[in-house]
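>>> Requesting a structural model of the entry that follows:
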Amino acid sequence: MNDKGVFPLDKFNDIETPFYYYDTALLRKTLRAINNETGKYDNFLVHYAIKANANPKLLRLINEAGLGVDCVSGGEIQAALNAGFSADKIVFAGVGKSDKEINLGLDSDILCFNVESIPELEVINELAERKGKVANVAFRINPDVGAHTHANITTGLAENKFGISMTDMEGIIMKAKEMANVRFVGLHFHIGSQILEMDDFLALCNRVNELQDKLESKGIAVENINVGGGLGIDYHNPNGAPIPNFKAYFETYANNLKLRKGQILHFELGRSVVGQCGSLITKVLYVKQGAVKKFAIVDAGFTDLIRPALYQAYHKIENISNEDALDTYDVVGPICESSDVFAKDYQLNVCQRGDILALRSAGAYGEIMASQYNCRQLPKGYVTEDL
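Below is the predicted model of the structure:
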């Protein structure tokens, strides 16, 4: 055990790299922390955002902890069902739901469709009519609330593709009430991802309060409020802050969102559930001295973890084979693209061929976003119990 965390290095040496390693003890601690905080409130319900990571072994642990699921595709609905999640805890969001996906949700009797447009509402009503069913729908409202995060993962601004504008909110609710095969059950919001400032969530609370007051003045009652997710993790200090500040997060909503009697408050947490329990494990292939740079060339690439290339995202990198003095490297992969870089001018314990590196905080948007570009094999995922 050291300040780099705990890795079974002796067992890693026998596994083909690159691969994902998930610390299930940390995942269980994280799930307990969530349940301890939400247990303080009678009406808080958390749905795990499966887009963060759909590894079946992790899903089983999350299901055992009693969380529901937030899905954004038919494939995610099926993965949740396969992992044992009850359909009545599944919510289905997404700006472009296909007929096939909607039918899967209807056939499975999921809890709710989070609807993002009038055309989508009309299609759900039509497909539900064919099946003789009534679909529960919540409307994703774009609250035009910004978030202090990367531009590519901000979702709550008027310019974003997601949700229904606030000015159209009342009209689409009334339209749904006129339809025979949908039932309006709530409002849905989501302002972005990797948010660390509680003031962003406070701003969302204030906006939801305004919209609820407006609807109430029109005699429109809302059964469920879904505020999405977005809580971030500490990528720079995964060992010192392995579990996000769930206390502050849930208290922000408890203290500032004016729920009506009987309303259920839904959350859709993804990254904050699984982000810190996962690491991408890779091996140093070569150490190359260039004209102005020293490169640690590893066998993982952006096909295995795309966030640094896509978002210029930071992941802490550790040489878990060596604790010698530090040297400075560009840590790069083998993909035939100049953007296949995990870090530039990064200080690592001296690297040599065969050393094992861990890219930390990779449990969210890592394995799930892997691709087979350059005809590479997809990385495997292992949990603590596998080793």
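>>> So in the chain, which strand runs the longest?
Criterion DSSP state E: the longest strand present in the chain is strand 278-289.
>>> now the helix or strand where Q347 lies against strand 278-289, angle please.
For Q347, the host element (DSSP states H and E) is strand 341-349. Angle, strand 341-349 to strand 278-289, by axes from the mean of the first three to the mean of the last three CA atoms, to 10 degrees: 80 degrees.
>>> Sheet-wise, list the partners of strand 341-349 with their directions.
Counting by DSSP bridges, the strands paired with strand 341-349 are strand 326-332 (antiparallel).
>>> buried ones in the strand it pairs with?
Neighbour counts over strand 326-332 (16 or more other CB atoms under 10 Å) mark Y329, D330, V331, V332 as buried. (C-beta placed from N, C-alpha, C; glycine too.)
>>> and the second one, what does it touch?
Residues in contact with D330, defined by CB atoms under 8 Å, 6 or more residues apart in numbering, are K293, K294, F295, A296, V341, A343, K344, D345, Y346.
>>> Name the nearest residue to the fourth one, ignoring sequence neighbours.
Using CB to CB, 6 or more residues apart in numbering and skipping the chain neighbours, the partner closest in space to A296 is Y329 (4.2 Å).
>>> wait, the one you found sits on F295?
Yes - assessed by CB atoms under 8 Å, Y329 is found in contact with F295 at 6.3 Å.
>>> Find residues that contact each of the two.
With CB under 8 Å, 6+ apart as the test, Y329 and F295 both reach V287.
>>> quick one: contacts of the strand holding Q347?
Strand 341-349 has contacts (CB under 8 Å, 6+ apart) with 296, 298, 300, 305, 308-309, 314-315, 317-319, 322-333, 357, 359.
>>> Now the longest strand of the chain: buried residues?
Quick answer for strand 278-289 (16+ other CB under 10 Å): G278, S279, L280, I281, T282, K283, V284, L285, V287.
>>> quick one: that strand to chain centroid distance?
Remark: strand 278-289 is offset 26 Å from the chain centroid, using CA atoms, centre = their mean, to the nearest Å.
>>> That strand packs against which elements?
strand 19-22, strand 294-298, strand 356-359 (3 or more CB pairs under 8 Å, 6 or more residues apart in numbering; DSSP states H and E).
>>> Quick one: closest of these to A54.
Closest approach to A54 among those (CB to CB): strand 19-22, 12.1 Å.
>>> any low-confidence regions in this structure?
The model of the chain has pLDDT under 70 over residues 1-5, 146-162.
>>> Looking at it, which residue reaches furthest from the middle?
Centroid-distance maximum for the chain: A291 at 40.1 Å, with CA atoms, centre = their mean.
>>> can I assume that residue sits in a helix?
No - secondary structure of A291 (DSSP: H, G, I helix; E, B strand; the rest coil): coil, not part of a helix.
>>> In contact with G66, which residues are there?
Counted by CB under 8 Å, 6+ apart, G66 has contacts N35.
>>> which residues does L305 contact?
Counting by CB under 8 Å, 6+ apart, the residues that L305 touches are L280, H315, F342, L359, A362, G366, M369, A370.
>>> could these be laid out in a markdown table, adding distance to E223?
A markdown table is the format used below for those (distance: CB to CB, whole Å):
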| residue | distance to E223 |
| --- | --- |
| L280 | 41 |
| H315 | 40 |
| F342 | 46 |
| L359 | 43 |
| A362 | 38 |
| G366 | 36 |
| M369 | 34 |
| A370 | 38 |
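>>> now, among these, which is nearest to N226?
Distances from N226 to the contacts of L305, taken by CB to CB, are shortest for M369, at 24.2 Å.
>>> Could you report the separation of the residue lying closest to the closest one once chain neighbours are set aside from N142?
Residue nearest to M369 in three dimensions, not counting chain neighbours: I306, with 5.2 Å by CB to CB, 6+ apart. As for I306, its distance to N142 is 26 Å (criterion: CB to CB, to the nearest Å).
>>> measure T167 to I77 for me?
Counting by CB to CB - T167 and I77 are separated by 31 Å.
>>> List the contacts of V6.
Contacts of V6 by CB under 8 Å, 6+ apart are D23.
>>> So it versus I297, what's the distance?
Following CB to CB, the distance that separates V6 from I297 is 27 Å.
>>> and what of P244?
33 Å.
>>> Have a look at those two and say which one is more surrounded.
More crowded of P244 and I297, by other CB atoms under 10 Å: P244, with 22 against 17.
>>> Wait, a strand at that one?
No - P244 sits outside any strand when classified using three-state DSSP, being coil.
>>> nearest spatial neighbour of it, skipping sequence neighbours?
Going by CB to CB, 6+ apart, P244 has S272 as its nearest residue, at 4.4 Å.
>>> what residues are up against the one you found?
Applying CB under 8 Å, 6+ apart, the residues near S272 are T30, G229, L231, G232, I233, P244, F246, Y249.
>>> Now do the phi/psi pair for it.
Here is the backbone geometry of S272 (degrees, to the nearest 10): phi -70, psi -20.
>>> Check the gap between it and L265 for me.
17 Å.
>>> Could you do K218 as well?
Distance from K218 to L265, by CB to CB: 22 Å.
>>> Then N114?
For N114, the distance to L265 (CB to CB) stands at 15 Å.
>>> Likewise for Y373?
Remark: distance between Y373 and L265 (CB to CB) = 41 Å.
>>> again, but for S371
In terms of CB to CB, S371 sits 36 Å off from L265.
>>> Brilliant, that's me finished.
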